[in-house]
Structures are given as C-alpha cells and as structure tokens.
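*Asks:* Kindly generate the corresponding structure for this input.
(chains A and B)
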Amino acid sequence: MDTDRERHRARETAFYLFTQQSLPACKPVLTPGWVIAIFLFMGVIFIPVGLISLRASHCVVEIVDRYDIDCVPEPSRMDKVSYIQDDSIPKNCSHFMKYINPSWIDAEVNSYSLQMYVKSRSDKQLLDGQKYHDTSSCQPVESNNNRPIVPCGLIAWSLFNDTFEFIREGAELKVNRKNIAWKSDRGHKFGKNVYPFNFQNGTLIGGGKLNPEIPLSDQEDLIVWMRTSALPSFRKLYGRIEEDLDVDDVVVVNLMNNYNTYSFGGKKKLVLSTSSWLGGKNDFLGHACVFVGCSSLTLAIIFMLLHVKYRRPYGDMSYLPWNRKSFSG
Amino acid sequence: MVLLSTSEPTGVAYVQTTNLDGESNLKTRYAKQETLQKIPEKENVSGLIKCEKPNRNIYGFQANMEVDGKQVSLGPSNIILRGCELKNTTWAVGVAVYAGSETKAMLNNSGAPSKRSRLETHMNLEIIFLSLFLVALCTVVSVCAAVWLRRHRDELDYLPFYRRKDFSEDEEKNYNYYGWGLEIFFTFLMSVIVFQIMIPISLYISMELVRVGQAYFMIRDAEMYDESSNTRFQCRALNINEDLGQIKYVFSDKTGTLTENMMEFQCASIWGVDFNGGKATSQDQKDGYFVQADGQVLRPKMVVKTDPELLQYVRNGKETKEGSYVHDFFLALAACNTIVPIIVDTPDPTLKLIDYQGESPDEQALVYAAAAYGFMLIERTSGHIVIDIQGERKRFNVLGLHEFDSDRKRMSVILGFPNQSVKVFVKGADTTMFSVIDRSLNTSIIRATEAHLQSYSSIGLRTLVIGMRELSTSEFEEWHSAFEVASTALMGRARLLRKIASNIESNLCILGASGIEDKLQQGVPEAIESLRTAGIKVWVLTGDKQETAISIGYSSKLLTSKMTQVIVNSNSKESCRKSLEDAIIMSKKLTTTSGTTNETGRTLGTGSTPVALIIDGTSLVYILDSELEERLFELACNCSVVLCCRVAPLQKAGIISLVKKRTSDMTLAIGDGANDVSMIQMADVGVGISGQEGRQAVMASDFAMGQFRFLVPLLFVHGHWNYQRMGYMILYNFYRNAVFVLVLFWYVLFTCFTLTTAINEWSSVLYSVIYTSVPTIVVGILDKDLSRLTLLKHPQLYGAGHRDECYNRTLFWITMLDTLYQSVVVFFIPLLAYWGSTIDAASIGDLWTLAVVILVNLHLAMDVIHWNWITHAAIWGSIIATFICVIVIDAIPSLVGYWAIFEIAKTRLFWFCLLAIIVTALIPRFVVKVLYQFYAPCDVQIAREAEKFWAQSQSAAVEVEMSPILDHPRR
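*Replies:* Residues are numbered from 1 along each chain as shown, chains lettered A, B, ... in the order given. Below is the predicted model:
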C-alpha cells in the first residue's frame, strides 16, 4: 500500500521533472585537462596500432606480374582482340616468377572493371534455378532461343576463365581450389540443385563456360566471380598453394590466356601473396594510424603549452562581456 | 453613425469602446442641440451631412451637417463607431455615415498574415545553396559520364560490362542505349535520384516534430501557469517557436497587459498631512462603508482600503479645522467628476450595490474612495448631484462643469450648496494646478503637498491635486453670464469655454492631493527591467491618454527619472516634421555626450542619458505612411524607450510594420484586447494575454498566456533554448545528409560515373529514417545549453539570439567544409586500406554505412551539452539499431550483400578502419571547438562553465571553494 503510493509519487515526480525539463543530467564541459587527456589517450592508442599494422603489412610478401601483353604472341600484338576471339589458336603461355620468401600463398587476379553491369543478375535464380521465372533483372542475358539461361545476367556471362598451373623445379605445385568462396554463399545463396543451363550458347560468348553437371553451389569460381568487387581494380581469389615456397624458388606459371580484356583496355595480373592476420599487403592504414597518433600527441603538447601560457580562468563570470564593459568603463 | 438624439434629455450617450481601443470605461458622446428635439419616427428630418472619406482614425472625425438651413459642425464626440456598446442609455438615434467595410472598425482590421520563422527563412536560402550544390554534383557526374562515353564509344558494343547491343535476339538492336545525348541526360536524372537526400526533406518533418515537443514543454511549464485564472500557456502557432529566441522589439499594450485595468486609491495628502493607508484595520475593511436608506443597504461595488486615522477625521465631522478640510477634500472627490452612479441589484433584496461608471478610471477610483470615507455619490443628473455624507443625503446644484482637456489638464465643477454659497472645485495634474493656486496662502502647506506629490509619483502613483475656492455672488454672476454665452456659441465654442474656465480656476486654495495606483500586473516592473537588460527594446503602444501612459511608464520602471523625455505632439505634417527633427538632434546630442552609444540599448548608469520618446496618435497619423516614417525610426532608434499614446489599433500595426520594414530584427507584440489584434498579427510573434477582455487577442495570437511576466521565462528560457536547439538541428541535418551524399558521390567517381552504389538501397533509405533521425529530434527537444536559473539570472545571455550565434551563414559554410572533410575521410580510408584486395562491394558498402552512421551520431554526441538518459538512449540506441538493421539486411539471401557484414566483421582490418575513420574525421572539429571554447568563448560558454563550477563548489566545502574565483585578478 505504502510502497504503491510511494512508487506512484516517484513516478509523478519523475514526470514533473520531465515536463519541467529538469531531468537529472550530466553536463560535460571541456576542460583543458580533459582535452589534453583525450589527445594523449588517442596518441597512445593510435601509434601502437599503426605500428602493428605496418609490421603486419611488411610481413606480407606479394609478387605481382602482369601477363596480358606478354602472353600474346609477337605477331598478334597489333590486333589483340581478334587473337583472343579466335578459338582456333591455343592460348598457352608460360611465365617465370621468382619467389623470395617461403609461405603459403593466394593466387589472385587483377582486372579492370566497370560497374554498370552489377545489377544484371538474379539472386533468386541462383538459389532456385529454373523454378524462378522472373529474370527480367538479368537483361540483356536472360534467355537465349526462348529458353532461360542459368545462371543468367551479365556478371555470370562474363565469367573469368583464365587458368593457371604452377611448376616448381619440374614438379607441379598443388593448388587448392576448394573453399575459396564464402561458406555462406555456398550454403545458402547458390542452390545445391541448380545446374547450369543454356549457358554461353548465344552469339556472343562473354567468358568462361560452366560444367552443366556440377551444381552452382559447387562452382566456386562462379561464386567468387559473382561477388562483385567494389573497386575498378580488384582481385579475385583463384586458389591456395598449399606447399611452402622457399626464397629464390623459381615458379613457372603455365596459363591459358582466355579472358578478353583487350577489347576494353583492361589489364590482367597474377598476384602471388602471403597473408597476415590483418589481410593483404597495404601500408596505408598503418601510416594513417601513426599519423593520427602523432598529430594527437602534438596537439596534446600544443594544448598543454597554450594552457600554461594563456590560461583563461574557468567559468569566471567577470569574462562575460557585460561585466567586462562595466570594469573598463 | 452621427448621433441625432438619445434617451437622455441632454443628448448624451454613454458608450464603451472596449472593442476599439481596449478601454473599458464609459465615454460620453453627444447629440447636437439642433437635432436633439427631432424625433425621426414622428417627423421627417431632412438634412445633409458632408463628411470626410472613410479612414482608419478612430479618434478623428470631421463633418458638417446642414439641418434646417443651419450649418452644424460635427466632431469625434458626435459619432458612435461600429463596435461600441451603448451603456446606460436606453436608445440613441443616428444617421449612419460609414457602413459595411467602410466602418472604422473594419478598416482597422488587417488580414491575418501567415508567419514563418526567421530561422526557417534563412534555412530555405541555405537549402537553395544545397540544391545548387546538388545540381553541380549531378552536372559533374554527367559531364564525366559524357567524357567517358565519348572516349570509349568504339568499345561500347562489345564491352562485357557496358552492353550497347542486345545479341540474344536474331537482329542486333540497341539494348538500353539511347544515344550519347540521352544517355547523359539519363545519367543526370539518375544522379538526381541517388543524391536527392542532399535536400533534407526529412528536416522539415523533424523540425515539426521538434516544435511539437518544444511546445509541449512550454505548455507544461509550471512557471508559466497562471494560478489566478487557471490558464496554462497556449501554443497556437507551431512554426515560430525558435523566433522567441531572437526578439529585439517588444510592443506592448498597456491596459490589461501591463496593468490589471484597475485603479485603486492609495493615499492622500490633505492640508499638508500625509495619509497613506498603510496599517489598515481589518474590522472596517470587511464590508467597507455602506448607507442605509428605506430599509435598503447601498454599498459601493468596490471596497477600498481606508486609512483609520483619516477615517477618524471624517467621522469627527467638520468641527475641527482639519475636519473641515477633509470634508471639503472628499466632497471635491465625490463631486468633481463625470461619474455616473448606477445602482445594481444583488440577489439579496435588501442590498444594492453602487457601480460607478465613467470615462476615466482615475475618477472611478476617486469616487469609490470618497464613498469609502462616507461621501457616497448617489445620483447625478445634468442639474444636480446627490451625495450621501456620513448617512446624511445632501443635494448640490451643479451650476457649471468645465470638462477635462489636455491643455488645462484639469477639470472644475461649480457647486451651489444648500446654504446658497457657491464653490468651485478643481482637480487636475500637479503641473498645471500649482500655477493656479494662490501661493500667498499657506506656503508651508503647498510645500508639504509638493513633497508628498514627489514621493507619491516616485513610487509610481498617479497624482491629482485638488483645489477649491468660494465664489462671491458677483464673481459667480460674471462667470455664469460668460458661460451661458460660450456654451451656446457656434464658432470656437471650445476656445471660449477654455478661456472662461481658466478665468475661474485661479487663486485656488489648495486642499490636498490624491495618489491613485494603477495596479500593475504582478511582476511587470521586474519583467520590463530584465527585458531591457537583455537588450530588448520595449515599446508601449496604448490607447490611453498621454499622462496615464507616462505615469504607467514610471510605475512599471519603463521610464526613470534619469531619462530625458522627448514628446512629440503635433497637429500637422509640418509641425510633425519639425518636432521630429528637433527631437533627433536632441537625442543625438544626449546620446553622444554620454560617450558610447550602447548597442544593446542598456542604460549603464553613469554618463549616458537615455532618451524616452513619447508620441501620440495624432502625430502618428501624419507620420505613418509618409516620408516622415524614416525620421521617426531614426529617432526611435536613439531612444531607449518609446511610448505611443492614443493610438488606434491599426496604428499599432503601422508602428510595427515601420520597425519591421527597416530592420531585420524580430518583433513581438503582446496585448489582450480586440484592439490589439492587428498588432498581434502584424508582429513576427504575437502573444495574447488571456485576460478579461474577450478572446479576440488570444484567437489572433501565436502564443497565449495568463500574465505579462510570463514573457520573461517564455523569451529567456524557452526562446533561448528553442533557438539554440533549432539552429543546431538545422545545421546538423544539413551536415548529416550531405556527408552521406558525398560518400555516394566519391564512389561514383570510381565506377565510370554509372551511379552504382556500394551502400545498398535499403541502407540509403533507412539512413535518414532510422539510423540518424531519432537523436536529432531528441536533442532538438531536450538539449539545454544553460539551466533555467542561469538564463533568468543573466538576461544578457539572450543576446546570443540577437547576434544569430547559433545559425548564420559563416556557421553554415564552416559546417559544409567540415562535411566535405569528413566525407573524404569516411570514403577514402576504407578505399585506400582495401585497395588491391579481394573486398567485394557489399562488404565495403557495409563498412561505409556503419562508418557514416557512427560518425554522424558521435558528431552529435560531441555537441550535446545536456546528457540525460533519453539522450543517451537515443544516440547509443541509434548506433545499435544501425548495426541490427545492417545485420538483418545482410541476412536476406536474395540480396547481393548476403552475409557480407559477418564476413567483414571477422577481419580486424574492418574494426581498425572504423576506429581510424571516426577519430580522424572528428579531430578537426574537436580541435576547432576546443580552441574556440578556450580562447574566444561566447557568453553562453562562460555561463555554462560558471554554472558547472558553482554547482561543484557548492557541493564542496563552501569556505574553501569561494576564494579562487574572487581572488582572481581581473583583466
């Protein structure tokens, strides 16, 4: 009974405080001490973070090799487009790469892309196959000879189809091409019972073909390719070399130069790289963090000096303009 | 309507003009002698009235009437205006001269303009800037797209990524490609669609919500609740809340707004003795004085405080010398007036109340006072009056009456006593009375009275001096014949009467003086004082007489004895021009000799002589709507106080528009009567007092409240808060949308200008709906930069609104620069950190989304001053809600970005990026803010620190903490 009334009164008081806009509140004021502390703290956090990232990035070994020009035979260099479109010419090509540091590596593809076509796909079809009929989003590659295409859309149509073989000292390196796509994509985005159908049967062939016997959820190249990249210069995972390479190992790469980037002036590169806990080789974040940390420390010092030299008494009402005026006058 | 005749034999009609000028007392209107005898129902009255064209001046009328071949001149006292109420007059017959929309009442109505807050007007301009910026962005995109298409035009057919031709059909046809020109056009349109968030449509919605919240708090404010009339504050307009923080001019009505419209007799000085009813006994006060006659009790309607000592004198009768003076004094009070007593029935049949109705509330007060002391006016006709003196009814013949006029500033009545003696009683303003008082008699008494008058007026009482003289028979005869001649004279009657009056009003014997309090509303002087301290100019516009207005000015502390009064009373345009020019020169001299012209208009005490301008309605007729307006404005700017008296409703609006036209300062009008409606509508902010005088003012107003003093919390507390909140909110909303759009824009630059977005569509839509909207609204409603106490203690803090501190063009551009910087940081840190990696569009899009949302919310958090639990919940809740939304969106398998957030959140780079983005983006703003707060603090900042400091020091041991602030050397 009493507690009820008390609770009621407490609620009423709280409501009164609310309507009078006098709820208990914290009113932080930036005092010099706080400001300097904040800057020092940021400096202390960011410089180590930056240094660690830099170190991680430096540990990553990365070899980039551009092969799209070298792999076109000398006589065809004038007209690379007709070379790449001619199916009769074998597109074999060998490359030598010098490897410096032993580790396990990714093979990545670097190409050049425009982003207009990222909408030309049907995620529902990828999951449900031909059962899903509304593939208008796939235009202009939604059907051929009045039969639907699976997987439809420009992205799938332009599937990357260069292949690589790595040979060290005469022996082929084992490249694991499984598990290069996200598990979630394999499990829930690409149907287990959906098989390629009527794919690359049109007049204009865009890229690679798919084995119609393998369901989409196992076509990992396709899955990786369908994760459209964010940037014009992007890399796609090709596979993992599961043997350690030693310093000064020379790796011969036999590749099939099938994919046409010549018609739009794109580049193709092969990247062999290790990876660290932070990702690939990229110094930027490390530099940025160190920079931010250093500037925070500098600011902290500047503020300290300023505070010592030009101290303004904190919350002194005599600094209010009307008070100041009456002192001078 | 020109009066022809009335039920009164003298042709008098009593009217009440509440609806026209707000005065609730009775005014007398006269029918002309010539028409008085004619009764239109019985005979045909024919005549011709020539009158001026319909105009707005309710105090002026000029016409001629031709009746029976005689020319009769008509003045304002011969007409009854539409809107007047006839009182105590059974009927009145007249000729309508103005009808319908030409009546003065209608002409004084101005249409209700739609109001828009100044902040919003400024904001709309900024929105135009943003639109231009948007167009610029879209143009950049489409131009770049054009260049790209041109350079790649040969490859377009075969590009796998940009299909110009559709090869799936047998014949090749263009696929979604309409030629170079149209493609560019479509690009432009598409970019408008993608970037349209730039124009903060949601801002208008959130502004409305914030205003509703602010209005709620204003309405619920306990300090603006009027207990006496049980009225809350009312918010009738929802779109000008923030204007309350920028008011520079307050135009106030007097009657009912500053005052309670109630006069009260306070004290008297009789024969050099001061009686101020300080310690009143309770016994007599209960019922006051009453008269018993024919088994009925007559009692004055209003009970007046009485001074026991004085009451004693009155009771003792006129045996003693003092007693006789007191007797004469009260007789003068009861007789020398134009009051009409009306006997009102009460439910109790034996009790009747006497209600005194009259033109002047002062006279009412005096008659009530006389009645309280036993001199009860019972009956008045044009020939005689009956006064009940201490229970004894006496009849006096009224032999003549000289009415009050503004030149003489006194009135007199000549009474024939029952014992055949004739006395003239005069009552008037002290300035004119002392000149007609016989100085040779009783110098000591005159001096004492003067001293008393001085002390009365210094406490804001309205003073009147009363004098008396006994007329000898010859004097009376002489006066009588002259009076007869003058009152029937056709030409220059007023002048003749005035001359006769001044002849008879001479060599008076002083009786004493009275002090009447025009009761101010509670807290009015304090309110005006703090309004002036805040740099707000208070103008009083009243329909009252000049003297009344000035005395109210004194009692409400509007005028002080230090001020120089400049009075402009003119009757023609030329004299107006002259007096204005003189006044300007004078005011300039006064303000320049004082050294610094204080821009805030605050009196600094030493040196400066503030000038008060007092101007009347007649002069304003010539000034308004002519080239003299400019001069009046110039003059008014030099003056710290402006009092306008005798102004018509539309003139009030005219004065406001005069100010509004020439400055960009905000104006506020406050009034309570129907006559204030046009002024309330004209001002930027109209405040209605929900008092006794009807509801018209409240209906026309934007805000309505119970008392004038609520203006102070309304402006200083709510106005300040609303302005600060709204100003910040607008800037923040611009920032918040622009950051997002710019991030989208940078991405377009990397996708061949084809307007692909990495941030998924759902997030784009939800951005301004869920991710960032709630905190701005909450902060817009709840943030307080200073506490109520501090704001009320230092009215000067209101100046922040005058100086446009919270929202101005500079701030807008600084914010936009900061926006640009922040968007660059948000976009390019992930871009460079993930450059040349396997990152996919959906993942980096999620990173951008989260980075923008967290940044924008932390930016807000950095600027919030007043953190209560609701603010915490809103800001942190929004960030959490964003995470949840992103996760939910990424858990839908049919969307492109399926599971992206989980994949990217597994990497440490993601979290490092997020941290780096937020810190890097906020550092410049933080540094600028800190520097600004330390080395160029604004008033509000210092006051805030002081508030915190004092709160701390009070909680700590008092004696230790007091010293540092006091001992600090002042620079």
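*Asks:* Show me where the stretch 1-150 of chain A dips below the pLDDT cut-off.
*Replies:* Within the stretch 1-150 of chain A, the stretches with pLDDT under 70 are A:1-2, A:95-119, A:139-140.
*Asks:* can you give me the helices for it?
*Replies:* A:2-19, A:32-59, A:80-85, A:123-128 (DSSP state H, counting those that start in this stretch).
*Asks:* To residue B:835, which of the ones you listed lies closest?
*Replies:* For residue B:835, the closest of the helices of the stretch 1-150 of chain A is helix A:32-59, at 12.1 Å, according to CB to CB. The way it works is simple: take the backbone N, C-alpha and C, and place the C-beta from them, glycine included.
*Asks:* For the closest one, name the packing helices and strands.
*Replies:* Other helices and strands packing on helix A:32-59, by 3 or more CB pairs under 8 Å, 6 or more residues apart in numbering or on different chains; DSSP states H and E, are helix A:284-309, helix B:908-935.
*Asks:* Make CSV from these and add mean pLDDT, distance to residue B:276 and mean neighbour count to it.
*Replies:* Below are the helices and strands packed on helix A:32-59 laid out as CSV (pLDDT from 0 to 100; distance: least, CB to CB, whole Å; neighbours: other CB atoms under 10 Å in any protein chain shown):
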stretch, mean pLDDT, distance to residue B:276, mean neighbour count
helix A:284-309, 91, 61, 17
helix B:908-935, 90, 55, 19
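*Asks:* Figure out which of the ones you listed is closest to residue B:790.
*Replies:* Residue B:790 sits nearest to helix B:908-935 of all those, at 16.9 Å, using CB to CB.
*Asks:* Please compute how far that closest one lies from its chain's middle.
*Replies:* Put simply, helix B:908-935 sits 44 Å off its chain's centre (CA atoms, centre = their mean, to the nearest Å).
*Asks:* what's the answer for stretch B:627-643, then?
*Replies:* Stretch B:627-643 sits 18 Å away from the centroid of its parent chain (CA atoms, centre = their mean).
*Asks:* The stretch 701-850 of chain B against chain A: which residues are in contact?
*Replies:* B:721, B:750-752, B:754, B:756, B:758, B:782, B:784, B:788, B:794, B:796, B:829, B:831-845 (CB under 8 Å from any CB of the partner chain).
*Asks:* Buried ones from those, can you make that a ChimeraX selection?
*Replies:* In ChimeraX syntax, the buried subset of these is picked out as below (16 or more other CB atoms under 10 Å in any protein chain shown):
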select /B:721,750,751,752,754,756,758,782,784,788,794,796,829,831,832,833,834,836,837,838,839,840,841,842,843,844,845
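*Asks:* Let me know which of the helices and strands packed on helix A:32-59 is the nearest to residue A:121.
*Replies:* Checking these against residue A:121 by CB to CB gives helix B:908-935 as the closest, at 25.1 Å.
*Asks:* Show me what that closest one packs onto, helices and strands only.
*Replies:* Looks like helix B:908-935 contacts helix A:32-59, helix A:284-309, helix B:809-833, helix B:841-863 (3+ CB pairs under 8 Å, 6+ apart).
*Asks:* make it 10 Å
*Replies:* Under the contact criterion of 3 or more CB pairs under 10 Å, 6 or more residues apart in numbering or on different chains; DSSP states H and E, helix B:908-935 touches helix A:32-59, helix A:284-309, helix B:809-833, helix B:841-863, helix B:900-905, helix B:939-955.
*Asks:* ok, back up a step: got the helices and strands packed on helix A:32-59 as TSV, with distance to residue B:258 columns?
*Replies:* As requested, the helices and strands packed on helix A:32-59 are exported to TSV (distance: least, CB to CB, whole Å):
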stretch	distance to residue B:258
helix A:284-309	50
helix B:908-935	40
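*Asks:* So for residue B:202, which of the ones you listed sits nearest?
*Replies:* Per CB to CB, nearest to residue B:202 of the helices and strands packed on helix A:32-59: helix B:908-935, 22.2 Å.
*Asks:* what's the angle from the closest one to helix B:841-863?
*Replies:* 20 degrees (axes from the mean of the first three to the mean of the last three CA atoms, to 10 degrees).
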